[in-house]
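Asker: Next input, structure requested:
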Amino acid sequence: MDDKKFRITNEIINDAFWLSYILEIKRRITDYNQKEILSFFLLVFSSVFCDETISAGYGGMGENTITTEKEISDFRNKNLKSCFKSTSRTAKSIIDEMGVNLENYVFDIVLSTNNSKIFDINFRSWDFNKEEKSKLLECVISTPNAWMERLMPDLYETMLEMLKEQTEIHINRVSNCSIDKKSYSSYKLFSKATLSSDDKLYILQRYGLVQLIKFVDALFDENVSFSCNNLKFESERFIVKCKASLLEMFYTDSKNNGSISVLKEIFALNENCIPSNFYALNRSIRDNLHYGDYHYSTDEEWLLAKKHQNIYIENVVNVFDSKLYLNFGMGYKLGLALAKIQKRCAE
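Answerer: Just a heads-up that it's a prediction; the model follows:
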């Protein structure tokens, strides 16, 4: 096996392992909201793994699998490539089903919060809870784990045993993160900002995905690295690729919907603190998600990319947060109580 082929193999196994590892952590967490956060991360990036291994000819659907390759590809694209416009059929469908009302004060969204700060918004994941999606989601989230258990069952168990102490640390970190769900108003959320409907929908769609990646990045905190049978496993390499994919998504979104002003604001901030050569480096790291080729980078390039990924992500969060208004005070509590009374009366 030549060097490039070996590196591609190592990329696939490394990605499969860390997706499986996060799934193992999720299985050992008991709190539903904490499990859900990990599930949402896995659904996004396991769908990339499934789609890319199939595209590169390294995988396929089992004989008894109901889910199709197209369903996996469509699901992956919806998470990372589809940029909602207020006039699109998909956006209108979700708005109608959820009862989202950007112009009036109604409790139309659910926020996942940590210390009263937004962690996720259910607009992005609305379809995840539909019964007809259950088989697809189960297939997506379990595939990397199935890879590890089928291709190297004994070795996989050995690797998990090697990381037993580290796993307990990661489980405790997740367990110590309190996730609360709160009903809120999308109208109220954007009441202090002047934004178009496309901008508001964009933040509703993308905010949680950014926070999910930040959460998993903080979960690992430091690079977990070890070698096994000449293969090198690095949590940092996996996380940096996830970040690269996220940042490339913003570029694609700007091409698909040039009217989103928050992206222009983010890009303007980036011009002042991110060197121009970063973007090609980030794209080459992202492209290692495509398992048909391997893109080399030097240690210096890797460090530069990693540093400026974090700056980029903080710029995104700062711009998004500047458009949001959160207040869980007395007015919120009275409004929520009245909404519950009205709902009961209408039933």
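
Asker: So for this protein, the centremost residue is which one?
Answerer: Nearest residue to the geometric centre of the chain (Cα atoms, centre = their mean): residue 209, 4.0 Å.

Asker: In the chain, where is pLDDT below threshold?
Answerer: Filtered on pLDDT under 70, the chain yields the residue ranges 1, 59-66, 131, 346-347.

Asker: Please enumerate the helices of it.
Answerer: Along the chain, counting by DSSP state H, helices occupy 3-28, 32-55, 69-80, 89-98, 134-151, 153-162, 164-175, 186-189, 197-220, 235-256, 261-273, 278-286, 299-322, 330-346.

Asker: For the fourth one, list every residue counted as buried.
Answerer: Neighbour counts over helix 89-98 (16 or more other Cβ atoms under 10 Å) mark 91, 94-95, 98 as buried. Placement of C-beta: from N, CA and C, glycine included.

Asker: how close does residue 97 get to residue 122?
Answerer: 11 Å (Cβ to Cβ, to the nearest Å).

Asker: can you check residue 33 too?
Answerer: With the distance defined as Cβ to Cβ, residue 33 ends up 12 Å from residue 122.

Asker: shared neighbours of these two, which are they?
Answerer: Common neighbours of residue 33 and residue 122, counting by Cβ atoms under 8 Å, 6 or more residues apart in numbering, are residue 112.

Asker: Test my guess that residue 224 contacts residue 232.
Answerer: No: contact criterion Cβ atoms under 8 Å: residue 224 and residue 232 do not qualify, at 11.7 Å.

Asker: Have a look at the two and say which one is more surrounded.
Answerer: Of the pair residue 224 and residue 232, residue 224 is the one with more neighbours under other Cβ atoms under 10 Å, namely 18 against 13.

Asker: if I pick that one, what's in contact with it?
Answerer: So residue 224 contacts 163, 166, 233-236 (Cβ under 8 Å, 6+ apart).

Asker: Highest neighbour count among those residues?
Answerer: Neighbours here mean other Cβ under 10 Å. Within the contacts of residue 224, the largest count is held by residue 235, at 25 neighbours.

Asker: Quick check: the gap between it and residue 76.
Answerer: Distance from residue 235 to residue 76, by Cβ to Cβ: 22 Å.

Asker: can you check residue 197 too?
Answerer: Distance from residue 197 to residue 76, by Cβ to Cβ: 26 Å.

Asker: do the same with residue 315
Answerer: Separation of residue 315 from residue 76 (Cβ to Cβ): 25 Å.

Asker: quick one: which of those two has more around it?
Answerer: Higher neighbour count among residue 315 and residue 76: residue 76, with 22 against 19, using other Cβ under 10 Å.

Asker: could you list every residue that touches the closest residue to that one other than its chain neighbours?
Answerer: Excluding its sequence neighbours, the residue lying closest to residue 76 (Cβ to Cβ, 6 or more residues apart in numbering) is residue 47, at 4.1 Å. Shown in contact with residue 47 (Cβ under 8 Å, 6+ apart): 72, 75-76, 79, 140.

Asker: what's the first-to-last distance across stretch 148-157?
Answerer: Across stretch 148-157, the terminal residues are separated by 9 Å (Cα to Cα, to the nearest Å).

Asker: So what's the gap between it and the chain middle?
Answerer: 26 Å (Cα atoms, centre = their mean, to the nearest Å).

Asker: let's have the chain start at 14 instead
Answerer: Done: numbering now begins at 14, and the last item shifts to stretch 161-170.

Asker: for it, which positions count as buried?
Answerer: 161, 165, 169.

Asker: what do you get for stretch 118-134?
Answerer: Under 16+ other Cβ under 10 Å, the buried positions of stretch 118-134 are 119-127, 131-134.

Asker: Mind listing residues that contact it?
Answerer: 46, 49-50, 53, 111-114, 135-136, 190-202, 217, 220-221, 224-225, 228, 337, 339, 341, 348-349, 352.

Asker: Go again with 6 Å.
Answerer: 112-114, 135-136, 192-200, 217, 220-221, 224, 352 (Cβ atoms under 6 Å, 6 or more residues apart in numbering).

Asker: Show me which of those residues are buried.
Answerer: For the contacts of stretch 118-134, buried by 16+ other Cβ under 10 Å: 113, 135-136, 192, 195-200, 217, 220-221, 224, 352.

Asker: from those residues, which two are the most distant?
Answerer: 224 and 352 (25.9 Å; Cβ to Cβ).
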